[in-house]
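[1] Build me a model from this:
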Amino acid sequence: MAMAAWKRVGVCLTAAAVVVGLAGCQDGDDGGSKGSKKAGASTEAQTRDEAAEVLQAAFKKTSEAKSSKIRMTIRTSGTAAETGSMEMSGVQGWDPAVMDVTMKGSGFAAGGAGGPEQTRVIMLDGVMYVDLGAEQAAGMDGKRWMKMDFKAVADASGDPEVQKQVTGGLENMNQDPAQQLALLLGSPSLKHVGPEKVDGVEAQHYKGTLSFKEMVDANTSFDLLSKKERDELVAMAEKSGMKGYDTEIWVNEDDLPVKMVVGMTMAQGTMTMTSHFSDYGAKADVQAPPAGETVDFMEMLKELESLGAGSAA
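    Prediction:
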């Protein structure tokens with residue numbers, strides 16, 4: 001019983017780690033078209049200011065779109081336990097942040113036999129729902145969805161630091177392409193690479209690098225931290241060997257990102273997130289599963305505590 005419950009919790013935590021780890025005003029059509037013309041004006045490298053002007057137009061258009069279809073691959077390399085890949089595809093929305101995606105990959109293999117090879121994840125209103133699959137549902141009175149309310153998890157900890165971290169995580173949850181554009185605009189090395197085709201569409205390729213400190217300074221979610229906490233976070237990242245973030249973005253003629261690649265290098269290894277976007281503006285009609293089909297994550301943890309962490313199935 002306890003081992004099966006831990007497996008369900010493990011699946012939920014794997015999905016949460018992916019979602020949280022990724023873990024967005026338009027001033028008129030003139031802004032967008034102006035950016036497109038400059039993007040296609042030359043195959044030579046543009047100055048940083050010209051590149052920033054194009055990405056600013058893309059940021060505005062993307063913010064206004066509020067949703068898109070997404071296809072993402074996350075690859076990690078380092079120690080044997082960390083090397084692997086995860087794939088995610090579905091629909092996401094921002095302002096407000098919602099998500100309905102299917103995840104699969106090596107991260108779910110840790111659950112062992114009986115765990116799902118892939119899982120559907122729904123996220124809205126700061127709550128994540130993970131489909132544990134029919135086999136796991138058999139041990140939960142047919143309830144196949146596990147509900148994780150991130151605010152409830154933070155409050156249950158009773159630790160102000162944990163609560164602050166989770167609140168910041170919610171700000172970053174479901175990182176949309178507009179936010180990534182905003183971060184790249186803060187890169188001092190931003191440049192235009194040139195035109196390329198992405199998924200059969202003509203696009204302009206931009207790239208830049210941010211140090212961890214520059215990323216923290218550009219990301220508003222870290223405003224919750226005091227200067228001392230921010231300095232400690234930066235020092236910790238630098239001590240871990242964090243080299244920074246390498247970001248590449250491909251923008252189509254409509255001033256919308258069609259592809260993003262974000263790479264991070266640390267002493268322990270590397271992580272690369274490759275995202276493809278399409279169907280901007282399509283309604284992200286994300287609905288929570290029926291309450292009668294869900295099991296609360298916190299209730300599951302209480303059940304495990306009552307059984308004893310060392311119990312087996």
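
[2] show me where pLDDT drops low in this protein?
    Along the chain, segments meeting pLDDT under 70 span 1-46, 79-82, 107-116, 135-140, 142, 154, 157-175, 218-225, 240, 303-313.

[3] ok, now how distant is the closest residue to D131 other than its chain neighbours from A288?
    Spatial nearest neighbour of D131, excluding adjacent residues (Cβ to Cβ, 6 or more residues apart in numbering): R120 at 4.2 Å. Heads up, the C-betas are built off the backbone N, CA and C, glycines and all. The gap separating R120 from A288 is 12 Å, by Cβ to Cβ, to the nearest Å.

[4] Check G241 too.
    Counting by Cβ to Cβ, the gap from G241 to A288 is 40 Å.

[5] Check E64 too.
    In terms of Cβ to Cβ, E64 sits 26 Å off from A288.

[6] Kindly report the same for A58.
    32 Å.

[7] So for these two, which sits in the more crowded spot?
    Set side by side, A58 and A288 show more neighbours around A58, with 29 against 15, by other Cβ atoms under 10 Å.

[8] residue contacts, L124?
    P96, A97, V98, M99, V286, A288 (Cβ atoms under 8 Å, 6 or more residues apart in numbering).

[9] Next, count neighbours for P289.
    Neighbour tally, P289, other Cβ under 10 Å: 17.

[10] my guess is L233 is in a strand, correct?
    No: L233 sits outside any strand when classified using DSSP: H, G, I helix; E, B strand; the rest coil, being helix.

[11] That one is in contact with K213, isn't it?
    No: using Cβ atoms under 8 Å as the test, L233 is too far from K213 to be in contact (9.2 Å).

[12] which helices and strands does the host helix or strand of G90 pack with?
    Applying DSSP states H and E as the criterion places G90 in strand 84-93. The contact analysis (3 or more Cβ pairs under 8 Å, 6 or more residues apart in numbering; DSSP states H and E) places strand 84-93 against strand 67-77, strand 98-105.

[13] the inter-axis angle of that strand versus strand 67-77?
    Using axes from the mean of the first three to the mean of the last three Cα atoms, to 10 degrees, the inter-axis angle of strand 84-93 relative to strand 67-77 is 170 degrees.

[14] Can I get strand 84-93 in CSV? Just the C-alpha atoms.
    This file holds the C-alpha atoms of strand 84-93, laid out as CSV (Å, rounded to 0.1, in the frame of the first residue of the first chain):
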residue,chain,number,x,y,z
GLY,A,84,17.9,11.8,-19.8
SER,A,85,15.1,13.6,-21.6
MET,A,86,11.5,14.6,-21.2
GLU,A,87,9.0,15.6,-23.9
MET,A,88,5.9,17.8,-23.4
SER,A,89,3.2,18.7,-25.9
GLY,A,90,-0.2,20.4,-25.7
VAL,A,91,-1.5,23.9,-25.1
GLN,A,92,-0.5,26.6,-22.8
GLY,A,93,-1.9,30.0,-21.9
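
[15] Show me what it is in contact with.
    Contacts of strand 84-93 (Cβ under 8 Å, 6+ apart): 18, 66-76, 98-107, 174, 176, 282, 284, 286.

[16] Weed out the non-buried ones from these.
    18, 66-76, 98-101, 103, 105, 107, 174, 176, 284, 286 (16 or more other Cβ atoms under 10 Å).

[17] so where do the strands sit in this structure?
    Ranges of strands in the chain, per DSSP state E, are 67-77, 84-93, 98-105, 118-124, 127-131, 145-149, 191-198, 201-210, 244-252, 257-266, 269-278, 294-296.

[18] Any chance of a markdown table for those, columns distance to E53?
    Below are the strands of the chain laid out as a markdown table (distance: least, Cβ to Cβ, whole Å):
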| stretch | distance to E53 |
| --- | --- |
| strand 67-77 | 23 |
| strand 84-93 | 27 |
| strand 98-105 | 31 |
| strand 118-124 | 33 |
| strand 127-131 | 37 |
| strand 145-149 | 41 |
| strand 191-198 | 11 |
| strand 201-210 | 11 |
| strand 244-252 | 12 |
| strand 257-266 | 16 |
| strand 269-278 | 21 |
| strand 294-296 | 47 |
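
[19] Nearest to R48, out of those strands?
    strand 191-198 (6.5 Å; Cβ to Cβ).

[20] Adjacent strands (with direction) for that closest one?
    strand 201-210 (antiparallel) (DSSP bridges).

[21] Would you mark the buried spots in the strand it pairs with?
    Neighbour counts using 16+ other Cβ under 10 Å place A203, Q204, H205, Y206, K207, G208, T209, L210 of strand 201-210 among the buried residues.

[22] Surely the first one and W250 touch.
    The reference is to A203. Yes: at 4.0 Å, A203 counts as touching W250 under the criterion of Cβ under 8 Å.

[23] which neighbours do the two share?
    E196, V258, K259.

[24] from memory the second one sits against A203, does it?
    Yes: distance between V258 and A203: 5.4 Å, which falls inside the contact criterion (Cβ under 8 Å).
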